[in-house]
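> sequence and computational prediction follow.
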Amino acid sequence: MIDINLLRTNPELVKENIKKKFQDHKLELVDKAIVLDTELRDAKRKGDDLRAMKNKLSKEIGALMAKGEKAQAEENKQKVKDASAELARLEELEATTSEELKKIMMILPNIIDPTVPIGKDDSENVEVEKFGEPALKPFDVPYHTDIMEAVNGIDLDSARKVSGNGFYYLMGDIARLHSAILSYARDFMIDKGFTYCIPPYMIHSNVVTGVMSFDEMENMMYKIEGEDLYLIGTSEHSMIGKFIDTILKEEQLPQTLTSYSPCFRKEVGAHGIEERGVYRIHQFEKQEMIVVCKPEDSKEWFEKLYHYTIELFRSMDIPVRSLECCSGDLADLKVKSIDVEAWSPRQQKYFEVGSCSNLGDAQARRLAIRVDGPNGKYFAHTLNNTVVAPPRMLIAFLENNLNEDGSINIPVALRPYMGGKEKITK
C-alpha cells in the first residue's frame, strides 16, 4: 500500500507507475481516491470542530443554570443535541468513506524500483546472470516421476484415490532426499546468521490481506470453513505477520528469519495440474527466508537474499540463472523481484525454483510494522525469498544428478543428511 501523502502530493507519479504496470483500468482510481481523501479529511475536521463546540456548550450549561439564565441554557442544550446528530452523521460518513478509500489504496500498485525493466508479462522478464554450466546429458532424461518411480520413490495413484489430483506420496530414499534437502537448507541459512523458526500454518484474514493482494489471495488461499483462518500458501505470510502491530527499536533491526512450513495452494488456473508430476501441486514443503530492515538497507538485503539461493543450488551441482521480473509481471505489493531458475536437462531450458522480493514498506503499512528511530517512527521494509521448495526443486535435482544407469548422485553437501549415501540406486 502506497503512502497517502504521495497520492496527495504527486498523483501523476502514481498514475505513471500504473501505466508502467499496464494496469490502465486503475488510473481513474487515483482521482477517485483523491476525492475520497479530501472528503474524509473534511469530515474529520468538521467532526473535530463539532466536538470542541459540544464541550464548550456543555460546560456553559451548568454555569448558565447557576446564574438563572435558563433560556440560554436550554438553547445551548438544543445546540448540543443538534451537534450530536450532525456528529453522528459525520462519523458514519467518515467510516464509509474511510473504508472505500482503503479498498482503493489496497489495490493501487506499489511504486516499482527505477531499475525494474518495463514489460507486459513474464515473457519480457530479463536474464541477469547464469551460474554453472547447463550441461546436456549423453542420454535421454526421463520425466521426473519416471525417475522417482524407478527407485520406488513416488506413488501418485494412491494419492489420487486419497486426496485427488495435485497430491503425492513420496517414498523411501526420495522421501528421505526431500527431507534432507530441507534440513540442509535450514542449516545453510542458520550458518548465514538467520534465526530458525517454525511458524503457524494458519493465519487470520487481516494478516492475509496485509501480506498479499486480493487477487493473489483469491487464487491461492484455502479458507477454513466457518472460521477466520486461512491455510498459508508460504511461510512468508505468517513470518511477516509475526510483526503485526509492533514497534521495533531501530537497534533490533534487521530481523532475519528462516522458516520451515508446509504450504497449501489452490493453483487456480494452473496449467497441467491434471498431469502426472509434482511441478504444480496443492501441498508442498518449503524453507523460506524473510528480512525486516531499515529502508536504506533493503536494496543490499535484496541482493544478498537471492544470491543465498543461488549458492545453495550450486552446492548441489544444479546450474541456475537469475531472472528479473518486468513491471507487468510484478505483484502489486512488490518493488522489485528476481526469480531463481534451475536448469532442466530434459527440457533443455530453465524453470522457476525460487523467487526473491523487495516489498518496500507496503506490507509494513498494511500490518502497522513500525520502527522507533532517533528521528521518530517510520515503517520498516520487508523482503522475502525462497531458500528451497521441494518437491519442485527435486525435478531439477534429479535431472541434473541422474546417471545413465538410473542411479542418482548425492552431492557431498547432502550426504550427512542421507546417512552417508553417495547414490540412490534402483
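Arrived safely. Numbering: from 1, shown residues only.

> what is the neighbour count of Met106?
As a burial measure, Met106 scores 16 neighbours (other C-beta atoms under 10 Å). Heads up, the C-betas are built off the backbone N, CA and C, glycines and all.

> ok, the nearest residue in space to it that is not next to it in sequence - contacts?
Distance criterion C-beta to C-beta, 6 or more residues apart in numbering; nearest residue to Met106, sequence neighbours excluded, is Met1 at 6.0 Å. By C-beta atoms under 8 Å, 6 or more residues apart in numbering, the residues touching Met1 are Met105, Met106, Leu108, Asn110, Leu333, Ala362, Arg365, Arg366.

> please report how far Met1 lies from Leu383.
Distance of Met1 to Leu383, computed by C-beta to C-beta, to the nearest Å: 17 Å.

> repeat that for Arg45.
For Arg45, the distance to Leu383 - C-beta to C-beta - is 38 Å.

> so between these two, which is more surrounded?
Just comparing Arg45 and Leu383: by other C-beta under 10 Å the higher neighbour count belongs to Leu383, 30 against 11.

> wait, a helix at the more buried one?
No. Counting by DSSP: H, G, I helix; E, B strand; the rest coil, Leu383 is not part of a helix but strand.

> what sits against it?
With contacts taken as C-beta under 8 Å, 6+ apart, Leu383 has the following neighbours: Ile290, Val291, Cys293, Ser298, Trp301, Phe302, Leu305, Cys356, Ser357, Asn358, Leu359.

> swap in Lys286?
Lys286 touches Thr234, Ser235, Tyr260, Ser261, Pro262, Cys263, Thr386, Val387, Val388, Ala389, Pro390, counting by C-beta under 8 Å, 6+ apart.

> quickly find the element holding Leu87.
Under the criterion of DSSP states H and E, Leu87 resides in helix 70-107.

> now that helix: buried residues?
In terms of neighbour count (16 or more other C-beta atoms under 10 Å), helix 70-107 has its buried residues at 73, 76, 79-80, 83, 87, 90, 93-94, 97-98, 101, 104-106.

> the residue nearest to Thr425 when sequence neighbours are not counted: neighbour count?
What sits nearest to Thr425 in space, not counting adjacent residues and going by C-beta to C-beta, 6+ apart, is Ser407, at 4.7 Å. Residues lying near Ser407 (other C-beta under 10 Å) number 16.

> just Leu305 next, same as before
Neighbours of Leu305 (other C-beta under 10 Å): 24.

> quick one: it and Met289 touch, right?
Yes. With contact defined as C-beta atoms under 8 Å, Leu305 reaches Met289; the gap is 6.1 Å.

> shared neighbours of those two, anything?
Common neighbours of Leu305 and Met289 (criterion: C-beta under 8 Å, 6+ apart): Asn384, Asn385.

> hang on, the earlier thing: which is the next helix or strand following the helix holding Leu87?
Next helix or strand after helix 70-107 toward the C-terminus (DSSP H and E): strand 126-131.

> buried set for that next one?
Phe131.

> quick check: next helix or strand after that strand?
Proceeding N to C from strand 126-131, the next assigned helix or strand is helix 144-150, under DSSP H and E.

> which SSE is immediately downstream of that next one?
Heading C-terminal from helix 144-150, the first helix or strand you meet, by DSSP H and E, is strand 154-155.

> buried ones in the strand or helix carrying Leu177?
Per DSSP H and E: Leu177 is located in helix 172-191. Within helix 172-191, the residues that count as buried by 16+ other C-beta under 10 Å are 173-174, 176-178, 180-186, 188-189.

> just the CA atoms of it, as PDB, please.
C-alpha atoms of helix 172-191 as PDB (Å, rounded to 0.1, in the frame of the first residue of the first chain):
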ATOM      1  CA  GLY A 172      11.800 -44.400   0.500                       C
ATOM      2  CA  ASP A 173      15.100 -42.700  -0.500                       C
ATOM      3  CA  ILE A 174      13.200 -39.900  -2.400                       C
ATOM      4  CA  ALA A 175      11.200 -39.000   0.700                       C
ATOM      5  CA  ARG A 176      14.500 -39.100   2.600                       C
ATOM      6  CA  LEU A 177      16.100 -36.900   0.000                       C
ATOM      7  CA  HIS A 178      13.200 -34.400   0.200                       C
ATOM      8  CA  SER A 179      13.700 -34.100   4.000                       C
ATOM      9  CA  ALA A 180      17.500 -34.000   3.600                       C
ATOM     10  CA  ILE A 181      17.300 -31.000   1.300                       C
ATOM     11  CA  LEU A 182      15.000 -29.100   3.700                       C
ATOM     12  CA  SER A 183      17.300 -29.900   6.700                       C
ATOM     13  CA  TYR A 184      20.400 -28.900   4.700                       C
ATOM     14  CA  ALA A 185      18.700 -25.600   3.600                       C
ATOM     15  CA  ARG A 186      17.700 -24.900   7.300                       C
ATOM     16  CA  ASP A 187      21.300 -25.300   8.400                       C
ATOM     17  CA  PHE A 188      22.600 -23.400   5.400                       C
ATOM     18  CA  MET A 189      20.500 -20.400   6.400                       C
ATOM     19  CA  ILE A 190      21.300 -20.700  10.200                       C
ATOM     20  CA  ASP A 191      25.000 -20.600   9.100                       C
END
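
> who does the next helix or strand after it pair up with?
Downstream of helix 172-191, the first helix or strand assigned by DSSP H and E is strand 195-197. The strands that strand 195-197 pairs with in its sheet are strand 255-264 (parallel) (by DSSP bridges).

> kind regards, and thank you for your time.
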